[in-house]
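> 3D, please:
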Amino acid sequence: MVHKQRRTYSPQFKFETVMEMLRGEKPIAQICRERDLAESLVHKWRSEFLERAPGLFEDKRGLSAGAAVDTAAERIAALERMVGRLTMENEVLKKGSNWLANRKPNGR
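Numbering: from 1, shown residues only. Just a heads-up that it's a prediction; the model follows:
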């Protein structure tokens, strides 16, 4: 029985992968194919990134642990709303683009 050795990825590689995903320039499936990754792994990295990202900008002097968690939860909720809105806009634009591409000229 052959055991596959687990691959390890640098923090920079993970960051670049997550940022490429968040920018939305390519579908997640394409990113995973290009980087030879499972989609579930990239989603896990994104979740970890979004959980930790708000902590980068915390004012360490005055925030309690509870306030930091509340701030992080609010930031995550705002980002999730933004992703949802952008996803809907993207779908509308795709449908409009397809409609225009399939439209027949008016007798000319």
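> tell me the mean pLDDT for the longest helix seen in the chain?
The longest helix of the chain (DSSP state H) is helix 65-102. Across helix 65-102, pLDDT averages out at 88.
> and what of stretch 6-21?
Stretch 6-21 shows an average pLDDT of 92 in the prediction.
> Buried residues, it. List them.
14, 17, 18, 20, 21 (16 or more other Cβ atoms under 10 Å). Quick note: C-beta positions are derived from backbone N, CA and C, even for glycine.
> again with stretch 32-40
For stretch 32-40, using 16+ other Cβ under 10 Å, the buried residues are 32, 37.
> Between the two ends of that stretch, how far is it?
Taking Cα to Cα, to the nearest Å, the first and last residues of stretch 32-40 lie 10 Å apart.
> again, but for stretch 32-42
The first and final residues of stretch 32-42 sit 8 Å from each other (Cα to Cα).
> And for that stretch, what's in contact with it?
17, 18, 21, 26, 28, 29, 31 (Cβ atoms under 8 Å, 6 or more residues apart in numbering).
> and if we set it to 10 Å?
7, 9, 13-14, 16-18, 20-21, 26-29, 31, 43-45 (Cβ atoms under 10 Å, 6 or more residues apart in numbering).
> Over to stretch 50-57?
For stretch 50-57, the surrounding residues in contact (Cβ under 10 Å, 6+ apart) are 18, 22, 63, 68-69, 71-76, 78-80, 83.
> Type out the PyMOL command that picks the buried ones from these.
Here is the PyMOL command that selects the buried residues among the contacts of stretch 50-57 (16+ other Cβ under 10 Å):
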select buried, resi 18+71+72+75
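> returning to what we had before: helices or strands up against the longest helix of the chain?
helix 11-23, helix 39-52 (3 or more Cβ pairs under 10 Å, 6 or more residues apart in numbering; DSSP states H and E).
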